[in-house]
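**Student:** here is the input, now give the coordinates:
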Amino acid sequence: METATPPALWDRAAAEGLDDLGRLVLASNLLGRDPTVTNFGGGNTSVKAVERDPLTGEPVEVLWVKGSGGDLGTAHRASFASLSMSRLLAIPALVESRGMHEDEVVRLYPHCSFGGNPVACSIDTALHAYVPAKAVSHMHADAVIAIAASADAERLCGEIWGEDMFFLPWKRPGYELGRMLADGASAHPDARGALMGQHGFICWAEDWEACYALTLDIIQRAQRYLEQHGRPIPLGQAVARPARPDWSDILPRLRGLTSHEGRKLVCHVDDSEEALAFLDASRGKEMARLGTSCPDHFLRTKVRPLWLEPGELGPQLEEFRAEYRGYYSRCRRPDSPEIRNPNPSLVLVPGGGIVGWARDPRESRITTEFFRNAIRVMSGAEAVSQYIALAEQEAFDIEYWALEEAKLRRMPPEKELSRSVALVTGAAQGIGKATAMHLAELGSCVVLLDRDTHALDQTVEDVQAVGVPEGVVGVATDVTDDAALKRGFAEAVYRFGGVDTVVVNAGVARRGRAAETSDEDYDLLASVLMRAYWQTAAHGLRVMERQALGGSIVFVASKNGVAAGSKAAVYSAAKAFELHLARTIAVDYAAQGIRANSVNPDAVLTGSGIWSAEWRAQTASSLGIAPEDLEEHYRERSLLRREVLPEHVAEAVAWLASEARSSRTTGATIPVDGGNREGFLR
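**Tutor:** Residues are numbered from 1 along each chain as shown. Okay, the predicted model is just below:
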């Protein structure tokens, strides 16, 4: 088993002058940012420090420990809970006298809080509180879990770490595991750490520089052992790799099938060579079915993934659901939470990769990363022994743990368009950019298509700043090139699993009465405003039909589609074409829950790509005014005497995109023009 060795990065100069909490933050960041040390959100750290009581001024020993649900790699001072050690040390006697269950102990921790700190402490607080050392580190390194999840874990612990580590058999994280660790440390006074069966390891020292070095040493010793003693092909010889799947077909279907009770998911595809090699291995399917062992892993991965076989997807998903419901029925306890989505959060596609499904692209990526962790654990364990997954009941008790359920309920509410995917054409400026920004603000993943690569790159950065950064993708696309459009939709599907909203916005304008319009201008207007609108909608409809989740098509048309514009004959006719095309889509696709609507802006000059210097000059000339007076002219022309900005149009588009707000609206046209009699729909 070959793994990257975690580098020693402790900086004494940076640590100099920091207080105990500052050094804890420094060490936590160094450890948490290294995937060879722990997984995202995994592990926890602590330090025992003397602080001044804010009320009495007396010195008090305080435990600073990572807050519940936090990530070490991005932790800062406010990420840590602070608890009075004297109160924590009083808990064991209280538990014994009252006969308390370990889950009840969690309710005692807030009463131990020091300094009014509101941060909820980690479920692993007891692991840190009852070890008589100042600095404590608990990590989920793959190389160490490979030993911990092996059939010979206890023997290998002694062989690899000698007297430095003792072995603790599997125990669910919590108070009782903390007491087991304290008893083990008392029985092994020379030990500096413990290997926790199927879980990870914990170690301690009298300062964080030493504890950081010890953490790396424990991991490196496990890595060396696996490299020197492990079998070279632990998961069997590779079988012939199947052809790469057609993601544009498979992912939307999977997305529809894995949605549950109206709650959609988005995906992340891990098609790295490490992932593909596991799927190639002759024992890959056998190992995948065993599931993961580390509690942090299967909270996201579930008890096991779905290994996708060639053939119809529906029956395979139904079989998985039936198995999952059976698992829930067998293992549920009287107080277990209700069953959650019975669909897989991981789908393994031989020849394709590992597909993770979650509520947003960051979570889906982390889900696939956790299974990559599991692959390394399985490979390492099989290389030196035999991989042992958690017993089914133990796995269930973690997955449906009341404390984990409480953590889920504490999560902030999801945004209006979370779990959805929007594709916007002409997205690099004007209405398109404003729409992409607003959809991202509302929680949607957004795919931006535009041919102006420089403007597109900047817009992607701007949209990422207001949305989920991993949920924003830019694809350089000329919408008059159908092959390029197809690639844009393929990228949207590959990155997120499908598309829920298509905003057809890319535009162009040319002046001219009918007899004055050149063939070249006609062809340009027809290709951008008619053919590209139809082809963009058609590509979106095909994805939506595969998903079977409904969807929304929104055309950005124009007031000219209703009110014939002077000296803009073909442009006005093309905009009328768009409006009627949207109505036909509304009629033809209503049975599939797909809605089609339009917005009719007028005179949106700010940030517009259409309102070039030439178009402004031509328009101003036709009106007999100076180009710089156009904004005032259109504002005064409107009934409301208000300028229309891209953001106003974006608000109407977002309303039409939202199933929560416009689910009963299709075939409609919304004017966003400040009030224009000629643009009234009749």
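**Student:** check contacts around Ala427.
**Tutor:** If a contact means Cβ atoms under 8 Å, 6 or more residues apart in numbering, then Ala427 has Lys433, Thr435, Ala436, Val446, Leu448, Leu449, Asp450, Leu456, Thr459, Gly474, Asn505 as its contacts. Every residue, glycine included, has its C-beta placed from N, CA and C.
**Student:** just the closest of these to Gly116, please.
**Tutor:** Of all the contacts of Ala427, Gly116 sits closest to Val446, with 40.5 Å by Cβ to Cβ.
**Student:** what is the neighbour count of that closest one?
**Tutor:** For Val446, the neighbour count with other Cβ atoms under 10 Å is 33.
**Student:** and if you look at Gly115?
**Tutor:** 14.
**Student:** thought it was touching Pro54?
**Tutor:** Yes: counting by Cβ atoms under 8 Å, Gly115 does reach Pro54; the two are 5.6 Å apart.
**Student:** sort out which residues of the helix or strand of the chain with the lowest mean pLDDT are buried, please.
**Tutor:** Sorting the helices and strands of the chain by mean pLDDT, DSSP states H and E puts helix 402-410 at the bottom, at a mean of 72. In terms of neighbour count (16 or more other Cβ atoms under 10 Å), helix 402-410 has its buried residues at Glu404.
**Student:** what do you get for stretch 217-232?
**Tutor:** Residues Asp217, Ile218, Ile219, Gln220, Arg221, Ala222, Gln223, Tyr225, Leu226, Gly230 are the ones in stretch 217-232 that count as buried (16+ other Cβ under 10 Å).
**Student:** same check, this time on stretch 483-491
**Tutor:** Result for stretch 483-491 [16+ other Cβ under 10 Å]: buried residues Leu485, Arg487, Gly488, Phe489, Ala490, Glu491.
**Student:** kindly report the same for stretch 512-524.
**Tutor:** Judged by neighbour count (16+ other Cβ under 10 Å), stretch 512-524 contains these buried residues: Gly512, Thr517, Asp521, Tyr522, Leu524.
**Student:** as a markdown table, those with distance to Leu181 and pLDDT would be great.
**Tutor:** Putting the buried residues of stretch 512-524 into a markdown table (distance: Cβ to Cβ, whole Å; pLDDT from 0 to 100) gives the following:
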| residue | distance to Leu181 | pLDDT |
| --- | --- | --- |
| Gly512 | 81 | 88 |
| Thr517 | 81 | 93 |
| Asp521 | 78 | 94 |
| Tyr522 | 79 | 95 |
| Leu524 | 73 | 95 |
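**Student:** of those, which is the nearest to Pro361?
**Tutor:** Proximity of the buried residues of stretch 512-524 to Pro361 was ranked by Cβ to Cβ; the top entry is Leu524 with 36.1 Å.
**Student:** pick out the residue nearest the middle of this structure.
**Tutor:** Against the mean C-alpha coordinate of the chain, by Cα atoms, centre = their mean, the closest residue is Arg362 at 2.0 Å.
**Student:** got a list of what it touches?
**Tutor:** Val468, Glu470, Gly471.
**Student:** please repeat the previous calculation with a cut-off of 7 Å.
**Tutor:** Val468, Glu470 (Cβ atoms under 7 Å, 6 or more residues apart in numbering).
**Student:** so where does it fall, helix or strand?
**Tutor:** helix 361-384 (DSSP states H and E).
**Student:** next SSE downstream of that helix?
**Tutor:** Next element after helix 361-384 (DSSP H and E): helix 392-399.
**Student:** torsion angles phi and psi at Ala422?
**Tutor:** phi -120, psi 140 (degrees, to the nearest 10).
**Student:** how many other residues sit next to it?
**Tutor:** What Ala422 shows, counting by other Cβ under 10 Å, is a neighbour count of 30.
**Student:** specify the beta-bridge partners of it.
**Tutor:** Counting by DSSP bridges, Ala422 is bridged to Val446, Thr501.
**Student:** wait, it touches Leu656, no?
**Tutor:** No: Ala422 lies out of contact with Leu656 (Cβ atoms under 7 Å); the separation is 11.1 Å.
**Student:** where does His260 fall, phi/psi-wise?
**Tutor:** According to degrees, to the nearest 10, the main-chain angles of His260 amount to phi -140, psi 120.
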